[in-house]
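Participant: A structural model of the following input is requested.
(one chain, ligands or ions: 2)
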Amino acid sequence: MKEQLYTIPLMDALRADEECPFCFIRRNLEQHAIDFTLGSGASYMEDDIRAQTDKAGFCREHYRQMFVYGNRLGSALIMETHLKKMSTELKKQMDHYSSGSKPSLVGRLRRTGGPGETEKNNVSAWISWQLGSCYICEQINQNYERYLATFFDLFKKNESEFIDLLTKAKGYCIPHFGDLLESAQRYLNEKEQKRLREILFPQMENSLERMIGDVDWFQKKFDYRFKDAEWKNSKDAVQRAMQMAGSGYPADPPYEQK
Ligand SMILES: [Zn+2]
Ligand SMILES: [Zn+2]
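Facilitator: Ligands and ions are numbered 1, 2, ... in the order given. As a prediction, this is how the structure comes out:
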């Protein structure tokens, strides 16, 4: 049963025949996470959820998306208690200010500095930790990992419809292609990884070549000699090229509360 939960949306994403099925999945996960956090279910009125948003906070991109979503009163409630939590924590850190030359007073903060870098003071280190934490990103990433697991599970089982869609896929955006190869090392043995690379590598090469052709034709259409020529597949070439390089959907309208 649990498997079905992720298999169906994964297959739908492959069937959608988009530039990247994982961008498609992540967009759905993101919209779902925003709805859950700030939508009409009012999860922010539940103490356990509020405790989680108070602690995690949100990243800059998701603050922006929460703002345009539209539930300002919900956001005000979330922000008030999050800021109160931040205020208490920040005061604690400031009371124990340490330049970083001595061992940190806050053991849970991992040191991120590489060799030769100066250690951060504890206040800046705490702020860095807080900035790296986002309640919406956490929800997306947990589910995204399950989709990756499902992807490799179906691949290992050689599930026929999945393999068919996989071999017909256009390709992946570069960031998600990186994720796929990295995750393959955790989920698949050497032989399976090789079999997967034989499908994915030519797809990526073709996909990039096609995309370069599309942005090239897009530019030509600005040349008077081509102004009456067909757009071919180039009308939305810029946003698709940006998706390929950076993932996501730059041309999406703001996601607003329904
Ligand atoms: Zn993608
Ligand atoms: Zn985020």
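
Participant: might you enumerate the residues of the stretch 51-200 of the chain proximal to ligand 2?
Facilitator: Residues of the stretch 51-200 of the chain lying close to ligand 2 (C-beta under 5 Å from the ion) are 59, 62, 134, 136-137. C-beta: built from backbone N, CA, C; applies to glycine.

Participant: do that again at 6 Å, thanks
Facilitator: 58-59, 61-62, 134, 136-137 (C-beta under 6 Å from the ion).

Participant: which of those residues tops the neighbour count?
Facilitator: Most neighbours among those, by other C-beta atoms under 10 Å: I136, with 24 neighbours.

Participant: let me see the contact set for it.
Facilitator: Listed by C-beta atoms under 8 Å, 6 or more residues apart in numbering, the contact set of I136 reads 30, 33-34, 37, 58-59, 62, 65-66.

Participant: quick one: the helices in this protein?
Facilitator: Secondary structure of the chain by DSSP state H: the helices cover 2-15, 21-38, 47-56, 60-69, 72-95, 122-131, 135-157, 160-168, 174-187, 190-220, 237-246.

Participant: which secondary structure elements does the fourth one sit against?
Facilitator: Pointing back at helix 60-69 there. Where contact means 3 or more C-beta pairs under 8 Å, 6 or more residues apart in numbering; DSSP states H and E, helix 60-69 is packed against helix 21-38, helix 72-95, helix 135-157.

Participant: quick one: contacts of it?
Facilitator: By C-beta under 8 Å, 6+ apart, helix 60-69 touches 30, 34, 37-38, 58, 75, 78, 134-137, 254-257.

Participant: so what's the gap between it and the chain middle?
Facilitator: 14 Å (C-alpha atoms, centre = their mean, to the nearest Å).

Participant: C-alpha coordinates for it, PDB please?
Facilitator: Provided in PDB are the C-alpha atoms of helix 60-69 (Å, rounded to 0.1, in the frame of the first residue of the first chain):
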ATOM      1  CA  ARG A  60      14.200  33.000   1.900                       C
ATOM      2  CA  GLU A  61      12.500  31.500  -1.200                       C
ATOM      3  CA  HIS A  62       9.800  30.000   1.000                       C
ATOM      4  CA  TYR A  63       9.200  33.200   2.900                       C
ATOM      5  CA  ARG A  64       8.700  34.800  -0.500                       C
ATOM      6  CA  GLN A  65       6.300  32.100  -1.600                       C
ATOM      7  CA  MET A  66       4.400  32.300   1.700                       C
ATOM      8  CA  PHE A  67       4.000  36.000   1.300                       C
ATOM      9  CA  VAL A  68       2.500  35.700  -2.200                       C
ATOM     10  CA  TYR A  69       0.300  32.700  -1.300                       C
END
